[in-house]
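Novice: Generate coordinates for the sequence data below:
(one chain, ligands or ions: 1)
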Amino acid sequence: MLLLQFSTSHYCRKARLALGYKKIPYQVENLTPGLHIFKLKPLTGLTTVPVLMPQKIGQPEAIADSTRIFNYLETYQNDPPLMLSNPTQQTQALLLEDWLDESIGTATRFVYYHYRAGEGKSIDPSLSSQLVINIVRRQYGITPATVELAQKRLETAMTVLSDWKNQPYLVGDRLSIADIAAAALLSPLALIPYYRQAYPWLFEKIVTIHNICGEPLPPGLSA
Ligand SMILES: N[C@@H](CCC(=O)N[C@@H](CS)C(=O)NCC(=O)O)C(=O)O
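Specialist: Numbers count the residues shown, from 1 in each chain. As a prediction, this is how the structure comes out:
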């Protein structure tokens, strides 16, 4: 299998965690932001990564969107399952995954790029890095006002996810799409001191999920 990705994307991390959890061998192709459109648009009709290409006869050519990649991987190889067998718990996991994907992953992006352009500029002050950060800020409309809304959404997320502190998994008694989505989509916050200090339990969980999935730790958490 081939995963088309941006190396730094938290949505691509989400797909890699699922592949790693299922121990499915894959290779990655890192696309260049900006030029990625020319490869992705004809292939999927969309412009976003991750895109998974199974490269097997009888399988789809390309699967775009991390949530659809989860669903595909579950049918491709059920064991170990990403979905929960208890229907009520599975509904809860689906809801959490969708909310994390559609709302919280975006909020993380806003807060992260705002930090990288301001207080966290010293992480990489190079012209090329700051240029990319500024393109992303313009592309997504990242302004002080939208960042403030995103920060509020993240505070709500920490309340919603706080049960994770006292239990190994967000839903049920095994790892699910909810844990993987949370671990990936909140991982960029590991570079922001405020979140590290306020929510140490979150980063312990992110490390644990990465270890279970055999995925290298995100920046800020790696040795
Ligand atoms: N909901 C999508 C979101 C993916 C996404 O936003 N990917 C970003 C990178 S983090 C992207 O490809 N942006 C480039 C673009 O929109 O052209 C998913 O889960 O796959």
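
Novice: quick one: least confident helix or strand in the chain?
Specialist: When each helix and strand of the chain is scored by mean pLDDT, DSSP states H and E, helix 127-140 comes last, with a mean of 94.

Novice: packing partners for that helix?
Specialist: helix 105-117 (3 or more C-beta pairs under 8 Å, 6 or more residues apart in numbering; DSSP states H and E). (Each C-beta comes from the backbone N, C-alpha and C, glycine too.)

Novice: residues in contact with the helix it packs on?
Specialist: Here helix 105-117 makes contact (C-beta atoms under 8 Å, 6 or more residues apart in numbering) with 10-11, 123-124, 129-130, 133-134, 136-137, 140, 142, 144, 146-147, 149-151, 153-154, 157, 181, 185-186, 188-189, 191-192.

Novice: how does it look with 6 Å?
Specialist: 133, 136-137, 142, 146-147, 150-151, 153-154, 185-186, 188, 192 (C-beta atoms under 6 Å, 6 or more residues apart in numbering).

Novice: moving C-terminal of the least confident helix or strand of the chain, what's the next helix or strand?
Specialist: Following helix 127-140 in sequence order, the next helix or strand is helix 144-160 (DSSP states H and E).

Novice: Quick check: buried residues in that following helix?
Specialist: In terms of neighbour count (16 or more other C-beta atoms under 10 Å), helix 144-160 has its buried residues at Thr146, Val147, Ala150, Arg153, Leu154, Ala157, Met158.

Novice: and the chain, which of its residues are near the ligand?
Specialist: By C-beta under 6 Å from any ligand atom, the residues of the chain that approach the ligand are Phe6, Ser9, Tyr11, Thr47, Thr48, Val49, Pro50, Asp65, Ser66, Thr67, Asp101.

Novice: tell me which element the fourth one is part of?
Specialist: In this case it means Thr47. Judged by DSSP H and E, Thr47 forms part of no helix or strand.

Novice: buried set for the least confident helix or strand of the chain?
Specialist: Buried residues in helix 127-140 (16+ other C-beta under 10 Å): Val132, Ile133, Val136, Arg137.
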